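**Q** Quick check, what structure comes out for this input:
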Amino acid sequence: EPNDFGLYNMLGNTWEWCATKYDRDKEQKVLRGGSYIDSVDGSFNHIVTTNTRMGNSADSAGTNTGFRCAKSLHKRNKNNKGYRYKSQAQLQQQQQQQQQQQQQQ
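**A** Predicted coordinates:
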C-alpha cells in the first residue's frame, strides 16, 4: 500500500545520512531508517523504521549507506542540538498521552 505521497517501500534500501549531529558522539552524524541488511522486526541487525537512528563518522562508507536530496519546507531551527534518543520512561509517557488523546476523541 502506498504512503501519503503515493510511494511504496521507502525503507530498507540504504541508511540515510543526515546533517544532524549524533547526540552520543558529536563527531558523528545521524544515519536513519535502515538498509537492506536490516530486518523489519529487528530479528537481525537493526529494526527498519522511520524512527531508527544510529551514528557514524563522516569518513565511513558502505553499500548500505546513502543520501537523498531534500529541501525543508520550513526554516531550520539553528538551536538544534542533534537527535536525542528518548528514554523508556519518555516513550511510555508519550504512549500514555497518545492513548488519552484517543480516548478523549
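
**Q** other SSEs contacting the helix or strand where Gln28 lies?
**A** Assigning secondary structure by DSSP states H and E places Gln28 in strand 25-32. Packed against strand 25-32 by the contact rule (3 or more C-beta pairs under 8 Å, 6 or more residues apart in numbering; DSSP states H and E) you find strand 15-22, strand 53-57. (C-beta placed from N, C-alpha, C; glycine too.)

**Q** For stretch 32-45, which residues meet the burial criterion?
**A** 32-35, 38 (16 or more other C-beta atoms under 10 Å).

**Q** cool, stretch 46-58 as well?
**A** For stretch 46-58, using 16+ other C-beta under 10 Å, the buried residues are 46, 48, 52-53, 55-56.

**Q** Need the residues that contact that stretch.
**A** Residues outside stretch 46-58 that contact it (C-beta atoms under 8 Å, 6 or more residues apart in numbering): 11-12, 15, 22, 24-25, 27-35, 38-41, 65, 83, 85.

**Q** run the last query once more with 6 Å
**A** Contacts of stretch 46-58 with the rest of the structure, by C-beta atoms under 6 Å, 6 or more residues apart in numbering, involve 11-12, 22, 25, 28-32, 34, 38, 40, 83.

**Q** I'd like the distance from it to the chain centre, please.
**A** Relative to its parent chain, stretch 46-58 has a centroid offset of 6 Å by C-alpha atoms, centre = their mean, to the nearest Å.
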